[in-house]
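Chemist: Structure here, sequence nowhere to be found:
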């Protein structure tokens, strides 16, 4: 009698949308070599893509940012409203491309891939494409109404706060001040766009954010968050200090560490957990110097980066919060925190700012 074979998972169905015939062909050829992925079609622009999606029903879409007739951002908005599913953006390394990519990630794109400047560098991103498609296929994506899609608001939100009051809060931290350290990866920019603008200037704290991103994109993310938030947000530079009312975002391609005075130092030591910046690198350096002052917050992302650092925070008397499975795009990093048994609370992203404020006030 033959033993029944175990059913294999169905291949991930991918639709490739790109203005460049070369990119469409090259990506399709490469990912078709994987037994886990099948290319169900391709489109040269957003209009063609929107026609094909209901017919082909892809599991994942790779979407070029710059396209004729209907660009990537406009296409993404319609996909998330009409046919919500995981989307990976393909972006140029220009400043404009970086800004549009950050916007796409806050609109609901799961991840992005930076296009090489020249065709000769294509091989450098092809493995990345395959890996990110496999991760994206497992991501939770919800329908987004157009009215719910965030837009950049001018920083005149601070017009209601006296300038002197804001300046007073940009002071170096003391041994009595809290430091909120936020780590995120896949799905992170959207989660950060929900969390950071919701954080008030009072109660006082210094903030640090580590988002897995390559060189060239974290500055645009920092600028967008700065424009939308009560707090000041900047991409960290060597010599920056932990300051009350300020968010320091780790720059792409660099590990960020802090010394006992709260001063930023950047390095390009080997990646940890396959990434640089790594949450653990930053969190460990802070936990070693500021232990019980830290509130560690782990948001959506693949893998277990941040668990070692959060464990150290926990053992030092600090607070550890993790995003709940319900709101995570990818419940990987927070799941690792949960399974390690070190989370003080697991929190929906919409409630995270309230939880942080409660811990800062000492009401939890």
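Modeler: Alright, I've got the coordinates. Just so we're clear, the structure is a prediction, and the values are computed from it rather than from any experiment.
Chemist: CA atoms for contacts and neighbours, from now on please.
Modeler: Fine.
Chemist: domains for the chain, by residue range?
Modeler: Using automatic domain parsing, the domain parsing of the chain gives 12-148, 155-361.
Chemist: Need those in CSV (columns: mean neighbour count).
Modeler: Compiled in CSV, the domains of the chain are given as follows (neighbours: other Cα atoms under 10 Å):
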stretch, mean neighbour count
domain 12-148, 19
domain 155-361, 21
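Chemist: what would those look like in a markdown table with mean pLDDT?
Modeler: What follows is the domains of the chain, written out as a markdown table (pLDDT from 0 to 100):
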| stretch | mean pLDDT |
| --- | --- |
| domain 12-148 | 89 |
| domain 155-361 | 93 |
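Chemist: Contacts for the helix or strand hosting residue 104 next, please.
Modeler: Using DSSP states H and E, residue 104 sits in helix 95-107. Defining contact as Cα atoms under 8 Å, 6 or more residues apart in numbering, one finds that helix 95-107 is touched by 65, 73, 76-77, 89, 91-92, 111-112, 149-150, 187, 189-191, 193, 216-217, 220-221.
Chemist: Apply 7 Å and report the result again.
Modeler: Applying Cα atoms under 7 Å, 6 or more residues apart in numbering, the contact partners of helix 95-107 are 73, 77, 91, 111, 149-150, 189-190, 193, 216-217, 220-221.
Chemist: Check stretch 35-45 too.
Modeler: Counting by Cα under 7 Å, 6+ apart, the neighbours of stretch 35-45 from elsewhere in the structure are 11-19, 24, 28, 31-32, 49, 56, 58, 67-70.
Chemist: Now do the contacts for the residue nearest to residue 304 when sequence neighbours are not counted.
Modeler: The spatial neighbour of residue 304 that comes closest, neighbours along the chain excluded (Cα to Cα, 6 or more residues apart in numbering), is residue 333 at 4.5 Å. Residue 333 makes contact with 298, 300, 301, 302, 303, 304, 305 under the criterion Cα under 7 Å, 6+ apart.
Chemist: So which of the contacts of helix 95-107 belong to helices?
Modeler: Residues of those located in helices (DSSP state H): 73, 77, 189, 190, 193, 220, 221.
Chemist: show me what contacts the first one?
Modeler: By Cα under 7 Å, 6+ apart, the contact set of residue 73 is 65, 104.
Chemist: Quick check: the gap between it and residue 97.
Modeler: As judged by Cα to Cα, to the nearest Å, residue 73 and residue 97 stand 11 Å apart.
Chemist: got it, and the second one?
Modeler: Using Cα to Cα, one obtains 17 Å as the distance from residue 77 to residue 97.
Chemist: do the fifth one as well
Modeler: Distance of residue 193 to residue 97, given as Cα to Cα: 19 Å.
Chemist: correct me, but residue 234 touches residue 249?
Modeler: Yes: with contact defined as Cα atoms under 7 Å, residue 234 reaches residue 249; the gap is 6.1 Å.
Chemist: Residue 48 sits in which helix or strand?
Modeler: Using DSSP H and E, residue 48 sits in helix 46-56.
Chemist: Do you have the helices of this protein handy? List them.
Modeler: Taking DSSP H as the criterion, the chain carries its helices at 21-31, 46-56, 72-82, 95-107, 123-136, 163-168, 188-195, 218-228, 279-290, 307-315, 333-340, 352-361.
Chemist: so residue 233 touches residue 248, yeah?
Modeler: Yes: at 6.1 Å, residue 233 counts as touching residue 248 under the criterion of Cα under 7 Å.
Chemist: re earlier: would you turn the ones in helices among the contacts of helix 95-107 into TSV with distance to residue 142?
Modeler: Below are these laid out as TSV (distance: Cα to Cα, whole Å):
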residue	distance to residue 142
73	17
77	12
189	16
190	12
193	16
220	25
221	22
